[in-house]
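Colleague: could you work out the structure for the sequence below:
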Amino acid sequence: MEMLKITADEAFSGIRIDRYLSEQKAELSRSYLQKLLKEQGITVNGREVKANYKVQAGDEILISLPDLSEPDILPEDIPLDILYEDQDVMVVNKPKGMVVHPSAGHTSGTLVNAILFHCKGNLSGINGVMRPGIVHRIDKDTTGALLICKNDAAHHDLAEQLKEHSIKRRYRAVVWGNLKDDEGTVEGPIGRHPVDRKKMAVNYKNGKDAVTHYTVLERFGNATYVECRLETGRTHQIRVHMTSIGHPLLGDEVYGSCKNPWHLQGQALHAMVLGFVHPRTEEYMEFTAPLPAYFTDLLEKLRK
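Modeller: Residues are numbered from 1 along each chain as shown. Next up, the predicted model:
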């Protein structure tokens, strides 16, 4: 069992402990922390607390991370488009329609099932048995570069880079409408939608800071091809931010229009560039996932 100790800073006083810890330990998801809190795996000043406990300056927080048990997830021989692999990390090009990790309704066919088979179980266990090796996620219908960690040391290092916003992430997207400016920045905290809990929204009361920069690559009159650069990595960030300025992504039936004249399967969004400092060699590495066929076909249709 691994023990993590944190002393709460005054700047975070009054924040729920599950939110505070998810921000301090980016490698631990908020849902996993809530599970640990429920199972008395987290104490504050030697006392058990609930997820809604408000952190106070000077609190001594102790997190007991249980040893990784054998996950009840079956390795599956699913082909992977591997952009890079070594003893510590792997970068894969995730296809459209593949869920990253098992969840309710998705217990097989996920990226985790595939990497368990490929890596023969040699994956980091920091984020719990349901998400071995997973440092960050992209949505089911978003394609592109995703980083996998094979051991805890690499995971800790890259989660810290993610927390410090030093990992380079460039996305390609096609949005509805003609953007007024050739480039811009969207800022707005993202949190759960106040009414529809299945959606995210710009939420100034309960959201986390989020910043997205965009650059116009090509204009089609009724649609615009853009590159988006993330400073932060909130859930559905690009989809929510572009919708918030009146330009939802084509094919996005959750945040955009139900109109889908190009018969897209979900949003037109691709994680194209991923750059990070390698946790062992300390060298900067950058990888590009080529645009998938559906995306290049869409661009050709729009050009006509």
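
Colleague: can you check the pLDDT for Gly128?
Modeller: As predicted, Gly128 sits at a pLDDT of 69.

Colleague: Asp9 now?
Modeller: With respect to pLDDT, Asp9 has a value of 85.

Colleague: next, count neighbours for the residue lying closest to it once chain neighbours are set aside.
Modeller: Nearest non-adjacent residue to Asp9, counting by C-beta to C-beta, 6 or more residues apart in numbering: Ala57, 6.8 Å away. Where C-beta positions appear, they are placed from N, C-alpha and C, glycine not excepted. Neighbours of Ala57 under the rule other C-beta atoms under 10 Å: 12.

Colleague: touching, Ala57 and Glu10? I think so.
Modeller: Yes: using C-beta atoms under 8 Å, Ala57 and Glu10 qualify as a contacting pair, with a distance of 3.8 Å.

Colleague: contacting residues around the residue nearest to Asp9?
Modeller: 8-10, 12-13 (C-beta atoms under 8 Å, 6 or more residues apart in numbering).

Colleague: quick one: which of the residues you listed is nearest Asp139?
Modeller: Phe12 (29.1 Å; C-beta to C-beta).

Colleague: how near is the closest one to Ala57?
Modeller: Relative to Ala57, Phe12 is positioned 8 Å away (C-beta to C-beta, to the nearest Å).

Colleague: can you give me the helices in the stretch 151-300 of the chain?
Modeller: 152-163, 237-244, 293-303 (DSSP state H, counting those that start in this stretch).

Colleague: what does the shortest one contact?
Modeller: Helix 237-244 is touched from outside by 139, 171, 173, 175, 186, 188, 190, 200-202, 210, 212, 214, 228, 230, 234, 248-249, 252, 254-256, 267, 269, with contacts defined as C-beta under 8 Å, 6+ apart.

Colleague: helices and strands around the strand or helix carrying Leu4, which ones?
Modeller: If you go by DSSP states H and E, Leu4 is part of strand 2-7. Applying 3 or more C-beta pairs under 8 Å, 6 or more residues apart in numbering; DSSP states H and E, we find strand 2-7 packed against strand 60-65.

Colleague: buried residues, the helix or strand following the strand it packs on. List them.
Modeller: Remark: after strand 60-65, the chain's next helix or strand is strand 82-85, criterion DSSP H and E. Across strand 82-85, burial judged by 16 or more other C-beta atoms under 10 Å covers Leu83.
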